[in-house]
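[1] Let me see the structure of the following:
(chains A, B, C and D)
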Protein chains: 2
Amino acid sequence: MILDERIRVTLADVAAEAGVSKMTASRALRGSGDVSNTNTKKVRQAARKIGYVGNHLASSLSGQRSDLIGVAIPSLANIVFADVLAGIAEAIEGSGLQPVFGVTDYDLGKEYEIIRNMLSWKPAGLIVTGLDQSDDAKRLLANANIPVVQIMDLDGTPVDVCVGFSQRAAGEEMAEALLDMGRKRIAYIGCGVDMDVRAKKRLEGFTERLSRAGLKLAATRIGDGPSGITAGRELTSEVLSEHPDLDCIYYSNDDLAAGGAFHCIAAGLAVPGAITLAGFNGLDILESLPVEIVTSRTPRREIGRTAAKLIVEANNDADKHQSQILKYTPVIEFGD
Amino acid sequence: MILDERIRVTLADVAAEAGVSKMTASRALRGSGDVSNTNTKKVRQAARKIGYVGNHLASSLSGQRSDLIGVAIPSLANIVFADVLAGIAEAIEGSGLQPVFGVTDYDLGKEYEIIRNMLSWKPAGLIVTGLDQSDDAKRLLANANIPVVQIMDLDGTPVDVCVGFSQRAAGEEMAEALLDMGRKRIAYIGCGVDMDVRAKKRLEGFTERLSRAGLKLAATRIGDGPSGITAGRELTSEVLSEHPDLDCIYYSNDDLAAGGAFHCIAAGLAVPGAITLAGFNGLDILESLPVEIVTSRTPRREIGRTAAKLIVEANNDADKHQSQILKYTPVIEFGD
DNA sequence: CTGAAAGCGCTAACAC
DNA sequence: GTGTTAGCGCTTTCAG
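    So this is what the prediction gives:
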């Protein structure tokens, strides 16, 4: 295909075709202001006839604000963020807004660049993951003068709106649940790549609750490869061979825990009879697993949906927007 | 937060601060054309000092083309498309392009609207899923005058570039592999929501290959709920209770197949001893499963990466762009 | 190497 | 109801 210079069809063409002024055409197409029925029809027909598509760049530049909504997430390998995106897509359906996304790879520098880049599109709003952006990034967000929603975390000071749950508390509550089940020799398994701020916060809450009960982790193992089922299986095998007496393993997420479950099944270890496995997120996979794994179900799709909805609403009525903290609470599920 | 009218800092402000004209500032910031070192420094400092962010809307409008790249995918619940997005994000890293996405829900009408909407951003390129858009949508794509990449399929006539594999052939090859393993009483399990065009094409190829061997499907079960592990487990249980003599089940994807595996484990059915399970995609989960499932590994991340790379390259050098078909081939894996 | 002028395609703000 | 006039903030000319 040759990218030749095709004739661009613009609003002026539509107006000419319909025999009205650009403004009438513009109003008719957007349904704004009063336009006679006759002209509305004429314009719509003309637009269809000559294949008018419109130019968001021009309308946004003129209107001082675009219909874009910026989303910065740390990763797409983690299904959790795909769920967040799905929630966002769901919430903006029909609103005329469209999401632009950027993947930060858990890197504050990249995150700053992405935020900066997104801001230059003058988006209707921004959704960023977590509360721990770099100072530069936070300054950008604070001065952006658009709704900014920070999601998935609550432990910190939000820039504007915050939709999430306390990662620390989630860790504490899981510790509490496991203690209630009588677990005493507990190990932690995580992954380096996955050791983002939020996983760290959960681990902190977890160990703190343990120490209040006079306990500490019997073992800690942080893999250096990427997180996933395979990694979980291997790390579990390693940890259990070094510490065969464990009665519980807390994983930084469900993928790792599922891998742990597969190891236990293969090794003939009863779960949760001989050992309790606990994960995080409440992934679909756990429900069908032949063993029971404890997990905290995180409402990530709802979080995405709520975050996007707030921006959609602020976009329709800017006065309605206000800084606020919307708190969710992960629910602990025992897999039965 | 009150969305007050803040002072926007524009290129003119930077120019004033640096004591040069807007043009010199513009050139210095973009590194285009020749600007003296002195002025370049002055401008850069001025920009940083007053916190200039730039306005992509204005530059794109002026430059006739934006740095956006539009992506239309059918769903985010399906991890396959999250992988595609991940590949896209990977490929455009550092290129200055940013992805805008839309979710079609396998709905041609929605897809048309999304494509139309994206085109109005005058994107640098478009990535759409499959070859089966509506005629209206195809017309838009054909006239868009930008690189258009259709991904994940090969069975049909591409608009411009096509990066994918033949779904029909994938179905045929899986049938062939299962026949080679001596399977004879084969059932198919899919999901209504998941019964997109591509799953249909695979099924067609599959049954055609069977009939060439003088066989036909022993049973076909299409669930009406959403696809997933849980659905797979239930559907498998149902099909097996009606047809206990099956020696093989072909699923429309790995999630369903994994659910089937869990059913078999719970029911004490040896896999693949008593029954062979075959899925599609080559998801991570299969590797760690305590049973062996046959699958076709699809290079979805590579496809996303390649598609995006083509657009990045065309963006750097439009003359290099040409319509072409990039063919991938899913590899059948036997889970051992 | 630098700058002034003229738009890019659209819409807000006013007239009529 | 409809049209006119000015931009939105930037870059592409084209002169110096």
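[2] quick check, the lowest-mean-pLDDT helix or strand in chain A touching chain B?
    In chain A, the helix or strand scored least confidently by mean pLDDT, DSSP states H and E is helix A:284-288, which has a mean of 84. Yes. Using Cβ under 8 Å from any Cβ of the partner chain, helix A:284-288 reaches chain B at A:284-285, A:287-288. Any C-beta I mention is one placed from the backbone N, CA and C, and that applies to glycine too.
[3] Give me the distance between the residue nearest to the spatial centre of chain A and DNA strand D.
    Closest to where the C-alpha atoms of chain A average out (Cα atoms, centre = their mean) is A:Val84, at 3.8 Å. The spacing between A:Val84 and DNA strand D, counted by Cβ to the nearest atom of the strand, to the nearest Å, is 31 Å.
[4] Mind pulling up the pLDDT for the residue lying farthest from the centre of chain A?
    Outermost residue of chain A with respect to the C-alpha centroid, by Cα atoms, centre = their mean, is A:Gly19; its distance is 48.0 Å. Per-residue confidence (pLDDT) for A:Gly19: 95.
[5] A:Val80 too?
    Looking at A:Val80, its pLDDT reads 95.
[6] That one contacts A:Asn281, doesn't it?
    Yes. The pair A:Val80 / A:Asn281 is scored as a contact, 5.9 Å apart, by Cβ atoms under 8 Å.
[7] which residues do these two both contact?
    A:253, A:298, A:300 (Cβ atoms under 8 Å, 6 or more residues apart in numbering or on different chains).
[8] OK, contacts around A:Asp255?
    For A:Asp255, the contact set (Cβ under 8 Å, 6+ apart) comprises A:227-229, A:231-232, A:279, A:283.
[9] which of these lies closest to B:Arg8?
    Using Cβ to Cβ, A:Ser227 comes nearest to B:Arg8 of the contacts of A:Asp255, at 42.1 Å.
[10] Just list what whichever strand or helix holds A:Phe206 packs against, helices and strands only.
    Assigned by DSSP states H and E, A:Phe206 belongs to helix A:197-212. If you count contacts as 3 or more Cβ pairs under 8 Å, 6 or more residues apart in numbering or on different chains; DSSP states H and E, helix A:197-212 packs onto helix A:167-180, strand A:186-191.
[11] Swap in 6 Å and give it another go.
    helix A:167-180 (3 or more Cβ pairs under 6 Å, 6 or more residues apart in numbering or on different chains; DSSP states H and E).
[12] now the helix it packs on: mean pLDDT?
    98.
[13] Going by distance to DNA strand D, which of the residues of helix A:284-288 next to chain B wins?
    A:Asp284 (45.5 Å; Cβ to the nearest atom of the strand).
[14] State the number of residues packed around that closest one.
    By other Cβ atoms under 10 Å in any protein chain shown, 16 other residues sit near A:Asp284.
[15] Now do the same contact list for it.
    B:228-229 (Cβ atoms under 6 Å, 6 or more residues apart in numbering or on different chains).
[16] hmm, try it at 7 Å
    By Cβ atoms under 7 Å, 6 or more residues apart in numbering or on different chains, the contact set of A:Asp284 is B:228-230.
[17] Tell me the helices and strands packed up against the next helix or strand after the least confident helix or strand of chain A.
    Sequence-wise, the next helix or strand downstream of helix A:284-288 (DSSP H and E) is strand A:295-297. When contacts are defined as 3 or more Cβ pairs under 7 Å, 6 or more residues apart in numbering or on different chains; DSSP states H and E, strand A:295-297 packs onto strand A:331-333.
[18] on contacts alone, who are the packing partners of the strand it packs on?
    Counting by 3+ Cβ pairs under 7 Å, 6+ apart, strand A:331-333 packs on helix A:167-180, strand A:295-297.
[19] got the contact list for it?
    A:173-174, A:177, A:282, A:294-297.
[20] if we go to 8 Å?
    By Cβ under 8 Å, 6+ apart, strand A:331-333 touches A:173-174, A:177, A:282, A:286, A:294-297.
[21] Can you tell me which of these is closest to B:Gln133?
    Closest to B:Gln133, out of all of the contacts of strand A:331-333 and judged by Cβ to Cβ, is A:Gly282, at 35.9 Å.
[22] Neighbours of that closest one, how many?
    With other Cβ under 10 Å as criterion, A:Gly282 counts 21.
[23] Return the residues in contact with it.
    A:254, A:295-298, A:330-331, A:333.
[24] And it, its phi and psi?
    Backbone geometry at A:Gly282, expressed as degrees, to the nearest 10, gives phi 80, psi 50.
[25] Give me every residue in the stretch 151-300 of chain A lying close to chain B.
    For the stretch 151-300 of chain A, the contact set with chain B under Cβ under 8 Å from any Cβ comprises A:160, A:228-230, A:232-233, A:258-259, A:262, A:265-266, A:284-285, A:287-290.
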